[in-house]
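J.: Have a look; sequence and predicted model below, questions after that.
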Amino acid sequence: MEGYEDVDEGTVRQDGIGGPDGLDRLWTPHRMAYIRGENKPADDTAGECPFCRIPRLEDADGLVVHRGELAYAVLNLYPYAPGHLLVCPYRHIADYTETTDAEAAEISDLTREAMRVVRAVSGAKGFNIGMNQGYIAGAGIAAHLHQHVVPRWPGDQNFMPIIGRTKTLPELLADTRELLAKAWGSAG
Ligand SMILES: [Zn+2]
């Protein structure tokens, strides 16, 4: 699957952002889990767009945090930081300019709510938000538009290692998904 391959031991090519930018050194527990292959998709549907496939899974299996009418929020399987969400339209479109007004509005709404929820649940102090358009811009899955919502903490201390220091990445992601899904819509 595009963007989901291991580059070398100790380096995970994340879906999304391209060159080194510091983010990939924020948080390391997931790397060991990844290297051990524990979070490889159980059901290998190579070739199919993951962002088209995810909405057909159960929320817990797809790590879906919230389903809107035209777009949904999902945890990144290969996060830069705990709570790293992606907001995707259901429609398989590559470019932001291809969104309808309604899709663009809902992507924006879900992005704002994702910030509120992650902030409320985790105390994140900042966010990196954005879309990489095209492989040349670093998009891991360029064919299907997705907006990154990456929480940041001072010194990038954060909440998941506290509750999940001994857990594998799939467990961390499952816990995070549950926390965020429960808080969605009531974060103020
Ligand atoms: Zn797609």
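T.: Done, it's in.
J.: This protein against the ion: which residues are in contact?
T.: Residues of the chain lying close to the ion by C-beta under 5 Å from the ion are 49, 51-52, 92, 144. For the C-beta atoms, the positions are set from N, CA and C on the backbone; glycine is no exception.
J.: Reformat these as a markdown table; add pLDDT.
T.: Shown next, in a markdown table, are the residues of the chain next to the ion (pLDDT from 0 to 100):
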| residue | pLDDT |
| --- | --- |
| Cys49 | 94 |
| Phe51 | 95 |
| Cys52 | 95 |
| His92 | 96 |
| His144 | 95 |
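J.: Only the buried subset of these, as a PyMOL command please.
T.: Buried subset of these, written as a PyMOL selection, criterion 16 or more other C-beta atoms under 10 Å:
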select buried, resi 51+144
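J.: Max pairwise distance over the residues of the chain next to the ion: which two?
T.: Using C-beta to C-beta, the two most remote members of these are Phe51 and His92, lying 7.5 Å apart.
J.: Quickly list what's touching both of these two.
T.: Common contacts of Phe51 and His92 (C-beta atoms under 8 Å, 6 or more residues apart in numbering): His144.
J.: What segments of the protein are helices?
T.: Per DSSP state H, the chain carries helices over the ranges 29-35, 50-53, 59-62, 101-122, 160-164, 169-183.
J.: out of these, which comes closest to Ala81?
T.: Across these, Ala81 has its closest neighbour in helix 160-164 (8.6 Å, C-beta to C-beta).
J.: so who does Pro154 touch?
T.: Pro154 makes contact with Lys125, according to C-beta under 8 Å, 6+ apart.
J.: Can I get the helices of the chain in TSV including distance to Ala73?
T.: TSV is the format used below for the helices of the chain (distance: least, C-beta to C-beta, whole Å):
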stretch	distance to Ala73
helix 29-35	19
helix 50-53	12
helix 59-62	11
helix 101-122	5
helix 160-164	17
helix 169-183	8
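J.: so which of those gets nearest Asn132?
T.: Using C-beta to C-beta, the helices of the chain put helix 50-53 closest to Asn132, at 13.5 Å.
J.: Could I get the CA-only coordinates of that closest one as CSV?
T.: C-alpha atoms of helix 50-53 as CSV (Å, rounded to 0.1, in the frame of the first residue of the first chain):
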residue,chain,number,x,y,z
PRO,A,50,-7.2,2.7,2.4
PHE,A,51,-9.3,5.8,2.8
CYS,A,52,-12.1,4.3,0.7
ARG,A,53,-11.8,1.0,2.6
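J.: pLDDT below threshold where in this structure?
T.: 1-47, 155-168, 188 (pLDDT under 70).
J.: make it 90
T.: Along the chain, segments meeting pLDDT under 90 span 1-48, 77-82, 122-125, 134-141, 152-173, 175, 186-188.
J.: Can you give me the neighbour number for the closest residue in space to Asn128 that isn't next to it in sequence?
T.: The shortest distance from Asn128 to any residue other than its chain neighbours is 4.3 Å, reached at Val150 (C-beta to C-beta, 6 or more residues apart in numbering). Applying other C-beta atoms under 10 Å, we find 25 other residues in the vicinity of Val150.
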